[in-house]
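**Q** pasting a predicted model and its sequence here:
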Amino acid sequence: MFEFVQFISLSKGVDRQMWDEKTVARLSEAHEIEVILTAPERPVVRTPIWVVAVEGALYVRSWKGAGGLWYRRAQRYGVGSISAEGIERAVRFVPIDEPELDAKIDDALLGKYADSPYAAAMTRPPATGTTMRLDPAS
């Protein structure tokens, strides 16, 4: 089961949930996770995506950029689920726009998916404009 711990963000002064270290390691070791998003009166969207861990947090991007259906729903509703290893967990999708962090995410993607012909595409537009952090939703 995925676990999480409570964390207070001193930089923003608000509480947010964070994954515990074992869960971050477990999810970041998965080649892909599946994101599951709903929308009123629409079919459920289930999409396999890449995930990387940077500085103890999990990050995802849309290969199709802002045009990806899962990304549009995540951006609009901010919540959904992820599934990996047969376990499903509710998440919050938090948009990230921090150049230094994006560079670290690029490095993590290139390192983890170096054997894929799609790895380079995930480190440049339009994918880089869709970086989201996955936080557990309580």
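**A** Perfect, thanks for sending it.
**Q** need phi/psi at the residue lying farthest from the centre of the chain.
**A** What lies farthest from the middle of the chain is residue 41; by C-alpha atoms, centre = their mean that is 24.7 Å. When read as degrees, to the nearest 10, the backbone of residue 41 gives phi 60, psi 30.
**Q** per-residue confidence at it?
**A** As predicted, residue 41 sits at a pLDDT of 94.
**Q** from residue 30, how far off is it?
**A** Look at residue 41 and residue 30: by C-beta to C-beta, to the nearest Å, they are 31 Å apart. C-beta here means a position set from N, CA and C on the backbone, and glycine is covered the same way.
**Q** swap in residue 69?
**A** Per C-beta to C-beta, residue 69 is found 21 Å from residue 30.
**Q** buried set for stretch 24-36?
**A** 24, 26, 27, 28, 33, 35, 36 (16 or more other C-beta atoms under 10 Å).
**Q** closest to residue 111 among those residues?
**A** residue 28 (11.0 Å; C-beta to C-beta).
**Q** geometric centre of this structure: which residue is closest?
**A** residue 60 (3.2 Å).
**Q** please pull out the lowest mean pLDDT helix or strand from the protein.
**A** Using mean pLDDT, DSSP states H and E, the weakest-scoring helix or strand in the chain turns out to be strand 4-9, at a mean of 46.
**Q** circling back: so which of the buried residues of stretch 24-36 are in strands?
**A** Using DSSP state E, 33, 35, 36 are the members of those that sit in strands.
**Q** ok, so of those residues, who is nearest residue 53?
**A** Residue 53 has its nearest neighbour among those in residue 33, at 11.7 Å by C-beta to C-beta.
**Q** most residues in a single strand of the chain, which one?
**A** Ranked by residue count, the top strand of the chain under DSSP E comes out as strand 87-95.
**Q** what's the helix or strand following that one in contact with?
**A** Remark: after strand 87-95, the chain's next helix or strand is helix 99-112, criterion DSSP states H and E. Contacts of helix 99-112 from elsewhere in the structure, counted by C-beta atoms under 8 Å, 6 or more residues apart in numbering, are 28, 50, 52-55, 59, 61, 96, 119-120, 122-123, 128, 131.
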